[in-house]
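>>> I would like the atomic coordinates for the input below:
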Amino acid sequence: MKRRITVIGTGRMGAALALAFLARGHAVTVWNRTVSKAKPLEAQGVRVASSLDDAIAGADIVVGNVSDYATTTALLAPSAMTEALRGKLFVQLATGTPRHAKDAAAWARAHGILYLDGAIMATPNFIGQSGCTILYSGEKELFDANAPVFAALGGNAVYLGVDIGHANALDAAILTVLWGSLFGTWHAAAICEAEGFPLDAFASTLGATLPVLEGAMKDSVERIAKRRFAADETTMSSVETCHASVRLIHAIGQEHGIHLGLSEALEVIFARASDGGRGTHDMAAVYQGMKG
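Residues are numbered from 1 along each chain as shown. Below is the predicted model:
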């Protein structure tokens, strides 16, 4: 069934969401604080509302895609907006924390607004593609009833359960892996350049070693889940072996004036595990020092 969908916020991501809904035959309205920024969408068949209450009034589903939850709250807190949203589904796709999602869900319940929380695990150019992943949490009935609508945004709409904070929790977890990997890549490139090693050769060799990294990541998560930190026949590396590598990376950074933020952070984490008597344990034992 085709729906009347309003997208609040038409930055690159909001515009991509609106056009993806439109491509599936939904009637799409958008609202942006600066109307002129939304105007280019008109030529493609999207209706640009002149006011936020006008945008909400005719919608079945309202999708929020402004910068953060505080901005969403500021826009929708006025009584005229909450009344316009009453009985409609509001899908929050702004970036936030699990606590933000829980507070937003409580606000929605208090005003008779149906609510799902989501996290977009993609850049705007992936929206609408089969490989685009968007996470959703909240009432399963709401997700199931609107699954065909969510399919317009990408082929991998993932429902994470009734806990409204889980979409943002998984988003933060995956982003931590992403940023950790990228910071490592940038630090590594600095080492290569400092030693005159060609970056194209670094890139090709890095690609060849990614299966080892993926295996280590999966093994660590499994060990953490089962609290299986002692070294065994499947251990890839011990804490003390990894700690020694970190010291070497730190030494290279000191020699060449590379920013030491990453290696210093790793040193603190591995030292905590070593000083705690876990040096001979599997490297996943470092996790035991992650929470104080």
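>>> Identify the residues contacting T176.
Listed by CB atoms under 8 Å, 6 or more residues apart in numbering, T176 has no contact partners. Any C-beta I mention is one placed from the backbone N, CA and C, and that applies to glycine too.
>>> ugh, wrong one, I meant H111
H111 touches 82-83, 85-86, counting by CB under 8 Å, 6+ apart.
>>> roughly how far apart are it and N125?
Note on H111: its distance to N125, by CB to CB, to the nearest Å, is 35 Å.
>>> Is V30 part of a helix or strand, or is it coil?
strand (DSSP: H, G, I helix; E, B strand; the rest coil).
>>> L178: neighbour count?
11 (other CB atoms under 10 Å).
>>> what helix or strand does it sit in?
Using DSSP states H and E, L178 sits in helix 166-194.
>>> can you list the contacts of H111 in CSV and add neighbour count, distance to I56 and secondary structure?
Below are those laid out as CSV (neighbours: other CB atoms under 10 Å; distance: CB to CB, whole Å; DSSP: H, G, I helix; E, B strand; the rest coil):
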residue, neighbour count, distance to I56, secondary structure
T82, 17, 10, helix
E83, 14, 10, helix
L85, 22, 6, helix
R86, 12, 10, coil
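>>> Same list (these) but as JSON lines, adding distance to G277 and pLDDT.
JSON lines is the format used below for the contacts of H111 (distance: CB to CB, whole Å; pLDDT from 0 to 100):
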{"residue": "T82", "distance to G277": "55", "pLDDT": "95"}
{"residue": "E83", "distance to G277": "61", "pLDDT": "95"}
{"residue": "L85", "distance to G277": "55", "pLDDT": "97"}
{"residue": "R86", "distance to G277": "58", "pLDDT": "97"}
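>>> thinking again about what came up before, and whatever helix or strand comes next after the helix holding L178, what's buried?
Where DSSP H and E defines the elements, the next helix or strand beyond helix 166-194 is helix 199-226. Neighbour counts using 16 or more other CB atoms under 10 Å place 202, 206, 219-220, 223-224 of helix 199-226 among the buried residues.
>>> so which of those residues comes closest to G118?
Set against G118, the nearest of the buried residues of helix 199-226 by CB to CB is I224 (26.2 Å).
>>> Do me a favour and average the pLDDT over stretch 239-248.
For stretch 239-248, mean pLDDT is 97.
>>> in it, what counts as buried?
239, 242-243, 246.
>>> Show me where the stretch 51-200 of the chain has its strands.
Ranges of strands in the stretch 51-200 of the chain, per DSSP state E, counting those that start in this stretch, are 61-64, 89-92, 114-120, 133-138, 156-159.
>>> just checking, what packs against the fourth one?
Put plainly, it is strand 133-138. Where contact means 3 or more CB pairs under 8 Å, 6 or more residues apart in numbering; DSSP states H and E, strand 133-138 is packed against strand 114-120, strand 156-159, helix 166-194.
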